[in-house]
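Participant: Here is my input, please return the structure:
(2 chains)
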Amino acid sequence: MWAYIFRRLIYNVPVFLGILLFVFAALRVNDPVWMYLGKGATQEQYETKKKEFGLDRSYPVQYFELLGDVVTLNFDQKSWGQEGLTVGELLGSSIKPSLAITVPALFLTSIISICVGLISSFFRGGKVDKTLVILAVLGMSISFLVYIILGQYFGAYKILKETGASPFAISGYEPGIGNWAHYCLLPVMISVIVAMGYDTRFYRAVMVEETTRDYIVTAQAKGASRRKILFVHMLKNAMIPIITRIMITLPFLIAGSILLEMYFTIPGMGRTLITAINDKDFPVIQVFTAMFAALFILSNILTDVLYALVDPRVRLS
Amino acid sequence: MSETNTTSAAPSILKVRHLTTRFKTDRGIVTAVDDVSFDLAPGETLGIVGESGCGKTVTSKSIMRLLPPRVTIIDEKSDIQFQGLNLARVPEKTMRTVRGDKIAMIFQEPMTALNPVFTIGWQLDEAIKYHLDLDKKQRRERAIEMLRLVEMPNPEKRIKEYPHQLSGGMRQRVMIAMALCCEPDILIADEPTTALDVTIQAQILRLMEDLKRKLNTAIMLITHDLGVVAQVCDRVLVMYAGRVIEEGPVHDLFHRPRHPYTRALLRSIPKSGRKEHGKRLPAIEGIVPSLTELPDGCRFQDRCELREQRCIDEEPELIPGPDRRPVRCHFPLDGGS
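Facilitator: Numbers count the residues shown, from 1 in each chain, chains lettered A, B, ... in the order given. Okay, here's the model as predicted:
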């Protein structure tokens, strides 16, 4: 097992170097210093700034420096946009608010949509199934923004105006467990509702395929109850697509939801990155992008390892 | 059809009467099994033969109630008597106590019939757990004992393995072990050897024979292979387009088929040492009529060599013939193939 993980890591080294090279090049197509300083800057200002950030050195030197920073998790580069803050400090302060929303959202979405998918596939073609499918299609046909605005209006503003109580904040964020429900529950619920349409349909399709398998009839012939067949036999077989689905979304957990964070003014990763892009904050953009790439690769490896854990047919050698 | 059609002298363990199973399809309601009646005696091996789509599998799955409930209608007149229960009518919960415990089933495809993500031991354990009051350790011992019974080498090691680590023959042995671990009264085997190669087929059939004798289990063997029937069955039921068309003890039926279809089936078996060596093997012309467009008269009419006007006008009843040999034909043969 460990040998396998190690081997996968080694295989992915060239992949990571390639992605990093791409990020590195893409961020230098337009000269980052000119972008930052704007049209009014003088040649002198430009040269000083360039020297200050080490961008006057040769590309290979810069590339290996970036590589070194990412591998050793050295995030001491100074932000160009936020005076006096390093990239590491920005990362550290924005990762928690993002996770406070994305982790509960993923958890709830997955559990609810797997259950709904199971139920829907079990009653395939019946009234329950048809209703659930229609609801799912409806749910995914409405824009994310509509949910956010309706959520803010009815879930927060209307309640505040009519009862005076404020269970949910219209926007904003305070750290701490005690404040979580007030600031995060509403965005989490919106996120769950948006993702559920897609996920339910996906899990339903996965389960419907499993219901046609021969082993279902064998289990029935042994005297297994419907519940046992559904939640033991089928669910374990459906684990591969389920894991894939969840793992694909893993990097986004950390990247955060840009729309939610912008509308609810939650200082998470997505919002920080957007701010950095607007500010032409080159070091933040470069390190964040490189880190996301690394996260994708790591979650892919993790997916493969999990496959082997749930499916005995997958061999790790 | 009346009780006189039933043939067994011994008290029967399973009495099927007027079993009629319909499916709701896009093209309307289709009757897949039409008024099928038969008996099964304890310890007897009954063969059900016929071409694909004749209703053999639907018959067995109707008895086990394993057909998808939303599209299946088991007609109200159907009566499946087993230990004082009418299996066509009992609630699902009661049915679960019958399945696997009193009536067990094995299937055609050992490659897919086992759940690929659970160990052999887990799957055997599950079959035991639902019906026998044993603790975990006893169940494990029982599982190993069953694998030994089906002549699986190294059972202690095998229970930790997954289906994909076993060959087709070994998997079918696991299926048999699983089916027999609660010592059922009836074993329904739906084409148990079709997917296996010939040497393995012979081993599996011999194994089923041995176990039947050891455990006194009655077997309902569904097959299209008359060679298999000749080898292991006591009695045969021949089905055609959802109906029973002939029934009788194996030896009798093979030597003196009374229905033209049975005779044609028997003729199409290749025989070694046959005189007409080098000639084409006689096959039955045409195909089984579609269940949605059955003819008014005899269902075999358009493929029958002996068809007369009456066969086109009127469907024959199952006539209780002499020597426990009912046949559904206006002009039954009187023997010799």
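Participant: which ones are touching A:Gly268?
Facilitator: Shown in contact with A:Gly268 (C-beta atoms under 8 Å, 6 or more residues apart in numbering or on different chains): A:Ser94, A:Ile95, A:Pro97, A:Ser98, A:Ile101, A:Gly256, A:Ser257, A:Glu261. C-beta here means a position set from N, CA and C on the backbone, and glycine is covered the same way.
Participant: ok, which pair from those residues is furthest apart?
Facilitator: A:Ile95 and A:Ser257 (13.5 Å; C-beta to C-beta).
Participant: follow-up on the earlier one: just the buried ones out of the contacts of A:Gly268, please.
Facilitator: Among the contacts of A:Gly268, those buried by neighbour count (16 or more other C-beta atoms under 10 Å in any protein chain shown) are A:Ser94, A:Pro97, A:Ser98, A:Ile101, A:Gly256, A:Ser257, A:Glu261.
Participant: Apart from its chain neighbours, what residue comes closest to the residue of chain A found nearest chain B?
Facilitator: Here chain A gets closest to chain B at one residue, A:Gly223, 3.6 Å apart by C-beta to the nearest C-beta. Sequence neighbours aside, B:Gly100 is the residue nearest to A:Gly223 in space, at 3.6 Å (criterion: C-beta to C-beta, 6 or more residues apart in numbering or on different chains).
Participant: Surely the one you found touches B:Cys182?
Facilitator: Yes: with contact defined as C-beta atoms under 8 Å, B:Gly100 reaches B:Cys182; the gap is 6.3 Å.
Participant: Among those two, which residue is more densely surrounded?
Facilitator: Of the pair B:Gly100 and B:Cys182, B:Gly100 is the one with more neighbours under other C-beta atoms under 10 Å in any protein chain shown, namely 27 against 19.
Participant: Enumerate every residue touching the more buried one.
Facilitator: By C-beta under 8 Å, 6+ apart, the contact set of B:Gly100 is A:Ala221, A:Lys222, A:Gly223, B:Ala127, B:Tyr130, B:His131, B:Ala179, B:Cys182, B:Pro184.
Participant: Go again with 10 Å.
Facilitator: A:218-224, B:64, B:126-128, B:130-131, B:178-179, B:181-182, B:184 (C-beta atoms under 10 Å, 6 or more residues apart in numbering or on different chains).
Participant: ok, back up a step: give me the common contacts of A:Ile95 and A:Ser257.
Facilitator: Counting by C-beta under 10 Å, 6+ apart, the residues touching both A:Ile95 and A:Ser257 are A:Gly268, A:Met269.
Participant: shaky segments in the chain?
Facilitator: Just so you know, I chose chain A. Along chain A, the model assigns pLDDT under 70 to residues A:256, A:316-317.
Participant: not quite, I wanted chain B
Facilitator: Short version for chain B, where the test is pLDDT under 70: B:1-10, B:272-278, B:335-337.
Participant: let's see it at 80
Facilitator: B:1-10, B:270-281, B:321-324, B:334-337 (pLDDT under 80).
Participant: In it, what residue lies closest to chain A?
Facilitator: B:Gly100 (3.6 Å).
Participant: Just want the phi and psi numbers for that residue.
Facilitator: Main-chain torsions, B:Gly100, degrees, to the nearest 10: phi 80, psi -30.
Participant: where's B:Thr20, which helix or strand?
Facilitator: According to DSSP states H and E, B:Thr20 maps onto strand B:14-25.
Participant: What residues of that strand count as buried?
Facilitator: B:Leu14, B:Lys15, B:Val16, B:Arg17, B:His18, B:Leu19, B:Thr20, B:Thr21, B:Arg22, B:Phe23.
Participant: What about residue 177, how many residues nearby?
Facilitator: Using chain A. A:Ile177, neighbours per other C-beta under 10 Å, totals 7.
Participant: hmm, I had chain B in mind actually
Facilitator: Around B:Ala177 there are 29 other residues, counting by other C-beta under 10 Å.
Participant: How about B:Leu215?
Facilitator: Quick note: B:Leu215 (other C-beta under 10 Å) scores 14 neighbours.
Participant: Return the distance of the residue nearest to it when sequence neighbours are not counted relative to B:Ala32.
Facilitator: Closest residue to B:Leu215 in three dimensions, ignoring its sequence neighbours and counting by C-beta to C-beta, 6+ apart: B:Glu183, at 5.5 Å. Applying C-beta to C-beta, to the nearest Å, the value for B:Glu183 to B:Ala32 is 31 Å.
Participant: still on that earlier bit, what's the first helix or strand after the strand holding B:Thr20?
Facilitator: For strand B:14-25, the following helix or strand on the C-terminal side (DSSP H and E) is strand B:28-40.
Participant: what's that following strand packed up against?
Facilitator: Applying 3 or more C-beta pairs under 10 Å, 6 or more residues apart in numbering or on different chains; DSSP states H and E, one finds that strand B:28-40 contacts strand B:14-25, strand B:45-49, helix B:56-64, strand B:72-74, strand B:79-82, strand B:218-223, strand B:235-240, strand B:243-249.
Participant: Who are the packing partners of the last one?
Facilitator: Based on contacts counted as 3+ C-beta pairs under 10 Å, 6+ apart, the elements that strand B:243-249 packs against are strand B:28-40, strand B:45-49, strand B:235-240, helix B:250-255, helix B:260-267.
Participant: let's see it at 6 Å
Facilitator: strand B:235-240 (3 or more C-beta pairs under 6 Å, 6 or more residues apart in numbering or on different chains; DSSP states H and E).
Participant: what angle separates the strand it packs on from helix B:56-64?
Facilitator: 120 degrees (axes from the mean of the first three to the mean of the last three C-alpha atoms, to 10 degrees).
Participant: Just the buried residues of the contacts of B:Gly100.
Facilitator: Here, 16+ other C-beta under 10 Å leaves A:218-224, B:64, B:126-128, B:130-131, B:178-179, B:181-182, B:184 buried among those.
Participant: what about the residue nearest to B:Leu215, which SS state?
Facilitator: coil (DSSP: H, G, I helix; E, B strand; the rest coil).
Participant: how many other residues sit next to it?
Facilitator: Neighbours of B:Glu183 (other C-beta under 10 Å): 16.
Participant: could the contacts of A:Gly268 be laid out in JSON lines, adding secondary structure and distance to chain B?
Facilitator: As requested, the contacts of A:Gly268 are exported to JSON lines (DSSP: H, G, I helix; E, B strand; the rest coil; distance: C-beta to the nearest C-beta, whole Å):
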{"residue": "A:Ser94", "secondary structure": "helix", "distance to chain B": "40"}
{"residue": "A:Ile95", "secondary structure": "helix", "distance to chain B": "36"}
{"residue": "A:Pro97", "secondary structure": "helix", "distance to chain B": "39"}
{"residue": "A:Ser98", "secondary structure": "helix", "distance to chain B": "34"}
{"residue": "A:Ile101", "secondary structure": "helix", "distance to chain B": "34"}
{"residue": "A:Gly256", "secondary structure": "coil", "distance to chain B": "34"}
{"residue": "A:Ser257", "secondary structure": "coil", "distance to chain B": "34"}
{"residue": "A:Glu261", "secondary structure": "helix", "distance to chain B": "39"}
